[in-house]
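Asks: no sequence on hand, only this structure:
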């Protein structure tokens, strides 16, 4: 029997392992609304994080990504690090990327590789940032959460995070936390409410505010606040169009009913 095998290639930007103080790993994989990805990309930019490695995989979609400067590259995940001061005296490993793997077995393999890297820095805690899809637009996104141990759940409750009491988390955001628990690491997934219809910087801002509060991290939120306002404007436009279409539909149905009553029975 033949089994699928996906190759993972990690390209480090330096031969020397940087000195990062027992970092917290924070993952923002691209998914619904790009909630986690936007949040982690904001941290990378605002903390002047330093590039550590690019992670390529044959399990990513077979696409060449064209960047804003005109250059092109294969889809990848990328890892940065920062020694930004937190109350816990730890650094950060920040993972974002262009895609998630396309098959379950490759998700497990990539999660193991990512946690292997984190283990080299003696990381003991990991956060994944994800979307809690509502199917409708949300004015004030709530943050939901789950974790691998009850102590972490208690700390989430103290941060006004709504504890999930059922369901499942699909993709890398769930797998990374699950494997982290198996390895004896503290794993937490934070999820922000989002419609699932648009790239939602407003949800990203909410999840980032919660994460920053948990880690007591100082981060300039100006840029993501601007993007959140852009999201609000987009949602208002969509809602206005939906309302307009609904009114037009009602009017058309009313005209159709009137014509039908005028014509009587037609066979």
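Replies: Alright, I've got the coordinates. Quick caveat: nothing in here was measured; it's all calculated off a predicted structure. Numbers count the residues shown, from 1 in each chain.
Asks: next, give phi and psi for the residue positioned nearest the centre of the chain.
Replies: Among the residues of the chain, the one closest to the centroid is residue 36, at 2.1 Å (C-alpha atoms, centre = their mean). Residue 36 adopts backbone torsions of phi -70, psi -40, taken as degrees, to the nearest 10.
Asks: also residue 72?
Replies: phi -130, psi 150.
Asks: and what of residue 21?
Replies: Backbone torsions for residue 21, taken as degrees, to the nearest 10, come to phi -80, psi 100.
Asks: residue contacts, the residue nearest to it when sequence neighbours are not counted?
Replies: Once flanking residues are discounted, residue 21 sits nearest to residue 91: 4.6 Å by C-beta to C-beta, 6 or more residues apart in numbering. The way it works is simple: take the backbone N, C-alpha and C, and place the C-beta from them, glycine included. Residue 91 makes contact with 20, 21, 22, 23, 24, 81, 82, 83, 84, 121 under the criterion C-beta atoms under 8 Å, 6 or more residues apart in numbering.
Asks: roughly how far apart are residue 91 and residue 38?
Replies: Counting by C-beta to C-beta, to the nearest Å, the separation of residue 91 from residue 38 is 22 Å.
Asks: residues near residue 107, how many?
Replies: Number of residues near residue 107 (other C-beta atoms under 10 Å) recorded here: 23.
Asks: got the contact list for it?
Replies: If you count contacts by C-beta under 8 Å, 6+ apart, residue 107 has them with 59, 100, 101, 171, 172, 175.
Asks: now residue 57
Replies: Counting by C-beta under 8 Å, 6+ apart, residue 57 touches 6, 7, 8, 9, 76, 77, 101, 106, 110.
Asks: roughly how far does the fifth one sit from residue 8?
Replies: For residue 76, the distance to residue 8 under the criterion C-beta to C-beta works out to 11 Å.
Asks: hmm, who's touching stretch 138-155?
Replies: Residues outside stretch 138-155 that contact it (C-beta under 8 Å, 6+ apart): 132, 156, 160-164, 169, 177-178, 180-181, 185-195, 200, 202-203, 206-207, 210, 214.
Asks: that one: which residues count as buried?
Replies: Within stretch 138-155, the residues scored as buried using 16 or more other C-beta atoms under 10 Å are 138, 141, 142, 143, 144, 145, 146, 147, 148, 152, 153, 155.
Asks: strands of the stretch 101-250 of the chain, start to end?
Replies: Listed in chain order, the strands of the stretch 101-250 of the chain (DSSP state E, counting those that start in this stretch) span 125-133, 143-147, 162-163, 186-194.
Asks: residue 71: which of those strands is closest?
Replies: Checking the strands of the stretch 101-250 of the chain against residue 71 by C-beta to C-beta gives strand 125-133 as the closest, at 27.6 Å.
Asks: what is the orientation angle of the closest one with strand 143-147?
Replies: Here the directions of strand 125-133 and strand 143-147 differ by 140 degrees (axes from the mean of the first three to the mean of the last three C-alpha atoms, to 10 degrees).
Asks: tell me what angle strand 125-133 forms with strand 186-194.
Replies: Going by the same axes, to 10 degrees, strand 125-133 makes 20 degrees with strand 186-194.
Asks: could you say what helices and strands strand 125-133 packs with?
Replies: Judged by 3 or more C-beta pairs under 8 Å, 6 or more residues apart in numbering; DSSP states H and E, strand 125-133 is in contact with strand 24-27, helix 35-46, helix 172-182, strand 186-194, helix 201-215.
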